[in-house]
Each structure stands twice: as C-alpha cells, then as structure tokens.
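# Have a look at this fold, sequence not included:
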C-alpha cells in the first residue's frame, strides 16, 4: 500500500504522523512510504533520517495527497487539506468531528474513508489517544501553574505553596487518562487537589496519590463549591466520539476569583466548561469572567519529539493491520470508522449530527 505522511499545518503543530523507525517497519513488510519534505523536522527528524531507512520524500502536500492510498496524519485535516482528499483514500488521524460540523461536511463531500485515533477502542481503553492524554494532562498543570504567575495576569500564586504560604487549589473534572495525569502532576507539586469522577475505581486510584488529593462524585453542589474556590480548574471529560457536555457554567466560572485559571483538555470535543473555546499556541489564552482561559486544542504539539515517538508506538500495531487492506472485518478498526463514502458511520457521531440537522430544519 502507498502510505503518505504530510506535514502538519495546524499553527505550531510540531508532531509528525510517523517517526522514521515506524516507517521502516512498514517498508519491511512490503509497503511504500512517502513523507512530505520537512514533515519531521520540528520533531527532530530531518528528511535524511527517513531516506536512510528507505522512505521517499515528496516536495509538497499536493504531491503527497495525489500519491497516497493511506494518509497518516496527527491532527484533523486543516485549511486546504480536506479538498486534497479523495473517495479512494483512507485517512487515519485524530478527527474530533463532534465539535467541528464544518469539517464533517467537508470530509463527507470528499467521500474519503476516515478512521479516528480518538474512537479506536481496544481492551476497554483508547490506546492511541492514551499517550496524548498523558501529555495533555501534564501540560495542563504546567501551563496552569505558569499562568498563575502575576506577570501572566494570574493571582501571583505558587501552585505547590511553601512553608508559611498557602498551597494552591486545583480542581479537575474527570479522572481518566488526562485527568489522572493532571492530578499526579499537581499532587507532586504539592497543590491541594480535588478531582471529580463517577467511577469508584478511578476515585480510589486518585486517593492513593497522597493526602493532598480528594476524590469526589460530581454532585452539582460539591462541584460548584470546589470550582468557586479553585485557583486552577482543569477539564478532562471524554465521551468517545461525542461532544463533551458542559459541566461548569459561565455563571460558575464567574464565581472564581479574578486571576484564576481554566485549562480545558476536552476543548477539541467542545469542552466541558461553558466559557472555553479553541485556541492555538500562537494565541493560547484569553480572559472571560476575569479568569484566564487556556484552550489550546493540540496541547501535545508543544512537545513534538516526545509526542511523536509515543504516538507512533501506540499507532503502529493498528496501522499494520489497516495497511493490510483487510481491516473492515477487524473489530477494533471497523468500530473506529467515522465516515466512508459520504456517510457518517460511527454511531454516536452520526446520531449527534442527525439531531443537529433536525434542529436546524425545525
């Protein structure tokens, strides 16, 4: 199969779809692999790292998409990319279509077959999404801690505290992969951490992080009380394939102290905090209700070398099965299919899309 890796063009997105060693594994079993010129440079992989392992280099995106049977990306098609796709191609990347109706329309019009990393479930987990959630959870705390500094518009608080100074309060919505990593990072800094989840096993794991971590069920009253006193509020709620429900209202954000910080990791699925909207690393923050919001939708793109290595390792077992061409009967890949032939396939995404269209007609 002809497997192509274009350069990511989302603002300040440094990751690459496959690192050279992963490409070499595909070539070893008979596939052809081409990378767009310069695609790996931001991740620390110059073109020479690919060519010495047998990967071909194509000069631009037009050449890459024209040649490809299977397109491997990191982020969703951006800018002119949807128009370069064809019905005879397969796309394998993060899509996050639930909160992006315009992209959904564009991809349906191409007829492309698209399988999303974030809906690929195996053994009760989301193996390709998981390492990116690990990174995003850690970055959420690092970014939030920095934004609490006075020069950044924050309240001038050291998140972990120190002798004779109060610890910062971190509130996290969701104790899954991203939220759990955020909790570990914040707890290790010494902050007072309150994390909300509905699953007892997750709450037990969070309590084991230390005496400075409290895990609670998200009763509305308990949630409201915690958010109002939070120095750093982190959203980390995920419903695979679906738009994230708002758990925190604008009114509740307005009760936070001026200079507090909101980081919503789930922003690419719509966000679980009403005041969040997608941003990029070019302009990562804005202020709503006196609170600094960090809404970068590709948070792991800031550490592209680490992220690309982790992403390739997680992806390659499934990519090898996908590239075989016999994947539609594969229970994992088949159930991760988002759209094909101009139709939405993934049930949650399809149902949500149809509801939105029905509301527009009514």
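Done, it's in. Note that the structure is predicted; figures quoted are calculated from it, not measured.

# Would you state the strands of the stretch 201-350 of the chain in chain order?
Here the stretch 201-350 of the chain has its strands, by DSSP state E, counting those that start in this stretch, at 213-216, 232-235, 261-264, 285-288, 291-294, 337-340, 343-344.

# Tell me the buried residues in the lowest-mean-pLDDT helix or strand in the chain?
Least confident helix or strand of the chain, by mean pLDDT, DSSP states H and E, is helix 347-361 with a mean of 78. For helix 347-361, a neighbour-count test (16 or more other CB atoms under 10 Å) marks 349, 352, 353 as buried. In this view, the C-beta of every residue, glycine as well, is placed from N, C-alpha and C.

# how close does residue 21 sit to residue 135?
Noted for residue 21: a distance of 20 Å to residue 135, by CB to CB, to the nearest Å.

# Check residue 18 too.
Looking at residue 18 against residue 135, where the rule is CB to CB, the gap reads 18 Å.

# And these two? Which one has more around it.
residue 18 (28 against 20; other CB atoms under 10 Å).

# Which residue is the nearest non-sequential neighbour of residue 290?
Closest residue to residue 290 apart from its sequence neighbours, by CB to CB, 6 or more residues apart in numbering: residue 258 at 3.9 Å.

# Might one say that the one you found is in contact with residue 155?
Yes. Counting by CB atoms under 8 Å, residue 258 sits close enough to residue 155 to count as a contact (7.2 Å).

# More neighbours: those two, which one.
The neighbour count for residue 258 versus residue 155, taken as other CB under 10 Å, is higher for residue 155 (16 against 12).

# mind checking pLDDT for the closest residue to residue 209 other than its chain neighbours?
Leaving out its chain neighbours, the residue that sits closest to residue 209 by CB to CB, 6+ apart is residue 187, at 4.6 Å. You'll see residue 187 listed with a pLDDT of 97.

# can you check residue 230 too?
So residue 230 comes in at 98 (pLDDT).

# ok, now residue 337?
Confidence score, pLDDT, at residue 337: 96.

# One more: the one 4 residues further on?
At residue 341 the predicted local confidence, pLDDT, stands at 97.

# and of the strands of the stretch 201-350 of the chain, who's closest to residue 202?
For those, distance to residue 202 was read as CB to CB. The smallest value, 7.5 Å, belongs to strand 213-216.

# So which elements touch the closest one?
Secondary structure elements in contact with strand 213-216, counted by 3 or more CB pairs under 8 Å, 6 or more residues apart in numbering; DSSP states H and E, are strand 192-196, helix 200-207.

# one more time with 10 Å, if that's ok
Judged by 3 or more CB pairs under 10 Å, 6 or more residues apart in numbering; DSSP states H and E, strand 213-216 is in contact with strand 169-173, helix 177-189, strand 192-196, helix 200-207, helix 220-228.

# Generate JSON lines for these, with mean neighbour count and distance to residue 161 as supplementary columns.
Converted to JSON lines, those look like this (neighbours: other CB atoms under 10 Å; distance: least, CB to CB, whole Å):
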{"stretch": "strand 169-173", "mean neighbour count": "28", "distance to residue 161": "10"}
{"stretch": "helix 177-189", "mean neighbour count": "24", "distance to residue 161": "9"}
{"stretch": "strand 192-196", "mean neighbour count": "26", "distance to residue 161": "8"}
{"stretch": "helix 200-207", "mean neighbour count": "16", "distance to residue 161": "20"}
{"stretch": "helix 220-228", "mean neighbour count": "15", "distance to residue 161": "18"}
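
# closest one to residue 2 among those?
Where those are weighed against each other on CB to CB, the nearest is helix 177-189, at 32.9 Å.

# Off-centre distance for the closest one?
16 Å (CA atoms, centre = their mean, to the nearest Å).

# packing partners for it?
Counting by 3+ CB pairs under 10 Å, 6+ apart, helix 177-189 packs on helix 129-147, strand 169-173, strand 192-196, helix 200-207, strand 213-216, strand 232-235.

# So for the first one, what gets flagged as buried?
If you call a residue buried by 16+ other CB under 10 Å, then helix 129-147 has these buried ones: 129-145, 147.

# And for stretch 10-22?
10, 13, 14, 15, 16, 17, 18, 19, 20, 22.

# Please identify which of the residues you listed is nearest to residue 338.
Distances from residue 338 to the buried residues of stretch 10-22, taken by CB to CB, are shortest for residue 17, at 17.2 Å.

# In contact with the closest one, which residues?
Neighbouring residues of residue 17 by CB atoms under 10 Å, 6 or more residues apart in numbering: 3-8, 23, 35-36, 39-40, 71-75, 92-93, 308, 311-312, 315, 319.

# 7 Å instead, please
Contacts for residue 17 were tallied using CB atoms under 7 Å, 6 or more residues apart in numbering; they are 5, 72, 73, 74.

# May I ask which two of those are separated the most?
5 and 74 (9.3 Å).

# I figured residue 111 hits residue 343, correct?
No. Contact between residue 111 and residue 343 fails when scored by CB atoms under 7 Å: they sit 9.1 Å apart.

# which of the two has more neighbours?
In this view residue 111 and residue 343 are compared by other CB under 10 Å, and residue 111 has more residues nearby, 16 against 9.

# So, low pLDDT: which residues of this structure?
For the chain, the stretches with pLDDT under 70 are 358-362.

# Domain map for it?
Listed domain ranges for the chain are 2-119+303-361, 129-297 (source: automatic domain parsing).

# Endpoints of the last one, how far apart?
Meaning domain 129-297. 14 Å (CA to CA, to the nearest Å).

# how far out from the middle of the chain is it?
With CA atoms, centre = their mean, you get 15 Å for domain 129-297.

# what about residue 118, how many residues close to it?
23.

# I'd say it and residue 92 touch.
No. Applying CB under 7 Å as the test, residue 118 and residue 92 come out as separate, 11.7 Å apart.
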